[in-house]
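coords please:
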Amino acid sequence: MQENNSNSAEKDIEFDVLTEIGNIGAGNATTALSQLINARIDMCVPKVDLLGFSELAEIVGGAETLVAGILLSLEGDVDGMMLFVLESSAAHLLVDQLMGCVSGENKGDFSEMEQSALMEIGNIIAGAYLSSISELTNMKITSSVPYLSVDMAGAILSVPAIEFGKLGDKALLIESKFKDLDVDISGYFILIPTLESYGQILTSLGL
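Modelled structure (predicted):
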């Protein structure tokens, strides 16, 4: 019984640390995005969770939900992949806000300029979360150039599942809610380290 309590306490501490990573990352991203658009923007972290690959699609609206995903590969002390995912409609709203456009309805494909804006947003947010992990762990983490994909959630999330499914089945999911815009918009930061890298992150945190 004591062992179960001990395991539970360890999980609680681990979860607290992951939540702290989410909050620090949101703070860093808020500052960077506010500077980018020269306007106040706020971000909060309503949800942090460790999930299996099969659960991720449901969290972002279901496997057939059209989403914009910004993918980056991780290198340095941590190997793996990182994703920032927004529902397509939310991505259009966020880009419109950042570009100072009037939000149009029933938008279809993203223009080249909108794609560039989305990749910049994804890059800033991913960089903010990576910085927060680096600050807490003293680990050096670098990321590749971002790659944007607009597709069904199931298709986008199958990429890391195929590539890293043999090395681990857990992903750190941090929901990020953008506030102080015309509407609240939710995006999802998903960190998928290899099992070895995840162990190194926890070890560096003394867990």
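
quick one: Ile24 from Val17, how far?
With distances defined as CB to CB, to the nearest Å, the gap from Ile24 to Val17 amounts to 11 Å. All C-beta atoms are positioned from the backbone trio N, CA, C, and that covers glycine.

overlap in contacts of the two?
Residues touching both Ile24 and Val17 by CB atoms under 8 Å, 6 or more residues apart in numbering: Leu136.

list the contacts of stretch 187-200.
Here stretch 187-200 makes contact (CB under 8 Å, 6+ apart) with 22, 25, 56, 59-60, 74, 77-86, 90, 94, 125-126, 129, 133, 139, 157, 160, 164, 167-168, 170-176, 178, 201.

what residues does Ser134 make contact with?
Listed by CB under 8 Å, 6+ apart, the contact partners of Ser134 are Lys140, Ile141.

that one: which element?
Secondary-structure assignment from DSSP states H and E places Ser134 in helix 112-137.

give me the mean pLDDT for the biggest helix by length in the chain.
Longest helix in the chain by number of residues, with DSSP state H as the criterion: helix 2-37. Helix 2-37 carries an average pLDDT of 75.

so after it, what's the next helix or strand?
Elements were assigned by DSSP H and E; along the chain past helix 2-37, the next helix or strand is strand 42-52.

just the local confidence number for the closest residue to Ile24 other than its chain neighbours, please.
Distances taken as CB to CB, 6 or more residues apart in numbering place Ser132 nearest to Ile24, at 3.7 Å, with adjacent residues excluded. The score at Ser132 is 84. That number is its pLDDT.
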